[in-house]
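1. Give the three-dimensional model of this entry:
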Amino acid sequence: NETARVEKAALGGDARDLSITYYNMAQINYARGDMNAALKNFYQALSIERECFGNSHPTCARTLNEIGNIYLQQGNLDKLMETYTQAMRIYRSAGISDDHLIVFGKTLWRFDRVQPEAAGAA
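-> All right, here's what the predicted structure looks like:
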C-alpha cells in the first residue's frame with residue numbers, strides 16, 4: 001500500500017495509473033490467497049476507473065469480473081451474480097461478446113447449486 005500512497009500523492013486520487021496499481025496489487029493479494037485485501041484493492045481500482053471513464057466502460061467490467069471471481073471463491077453467490085451481471089451489461093452495451101466474462105477460481109465453489117445445468121461445463 002506504500003506504493004499506492006506515494007503514487008496517489010504524486011498523481012492525485014483519480015489518476016488512471018493509480019487504478020492500475022490498485023488492480024495489480026489486488027491480483028497479487030488474490031494469488032497469495034488474501035481475498036479481503038484483493039477485494040479492497042479491486043474496489044479502489046473500480047472507483048478510480050469509474051471516475052476516469054464512467055460507469056459503463058469495459059475497464060470497469062473487467063474489474064467487476066475480477067470482483068465476482070473473488071465472491072465465487074468466498075461462496076457469496078448474491079454478490080457473485082450482482083457483479084457478473086453488471087460486468088455483462090457493460091460488455092453488451094459496448095458491443096463486446098459475453099466471452100469476455102471469465103469465470104475463474106481456484107475452486108468453483110458449489111457451482112452445481114448455482115447453475116446445475118452448467119456445472120458439468122465448469
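
2. Run through this protein and note the low-pLDDT ranges.
-> The chain contains residues with pLDDT under 70 at 1-14, 105-122.

3. let's go with 50 and repeat that
-> Low-confidence segments of the chain, defined by pLDDT under 50: 109, 111-122.

4. pull the longest helix from it.
-> Ordering each helix of the chain by length in residues (DSSP state H) puts helix 35-53 first.

5. buried ones in that one?
-> Within helix 35-53, the residues scored as buried using 16 or more other C-beta atoms under 10 Å are 35, 37-42, 44-50. Quick note: C-beta positions are derived from backbone N, CA and C, even for glycine.

6. what sits up against it?
-> 4, 13-16, 18-20, 22-23, 25-27, 29-30, 57, 59-60, 63-64, 66-67, 70, 73-74 (C-beta atoms under 8 Å, 6 or more residues apart in numbering).

7. Let's see that with 7 Å instead.
-> Defining contact as C-beta atoms under 7 Å, 6 or more residues apart in numbering, one finds that helix 35-53 is touched by 14, 16, 18-19, 22-23, 25-26, 29-30, 57, 59-60, 63-64, 66-67, 70, 73-74.

8. Now which of these would you call buried?
-> 18-19, 22-23, 25-26, 29-30, 59-60, 63-64, 66-67, 70, 73.

9. so where do the helices sit in the chain?
-> Using DSSP H, the helices of the chain run over 2-11, 16-31, 35-53, 58-74, 77-93, 111-114.

10. how about those helices in a markdown table, adding distance to residue 101?
-> What follows is the helices of the chain, written out as a markdown table (distance: least, C-beta to C-beta, whole Å):
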| stretch | distance to residue 101 |
| --- | --- |
| helix 2-11 | 27 |
| helix 16-31 | 17 |
| helix 35-53 | 16 |
| helix 58-74 | 6 |
| helix 77-93 | 5 |
| helix 111-114 | 15 |
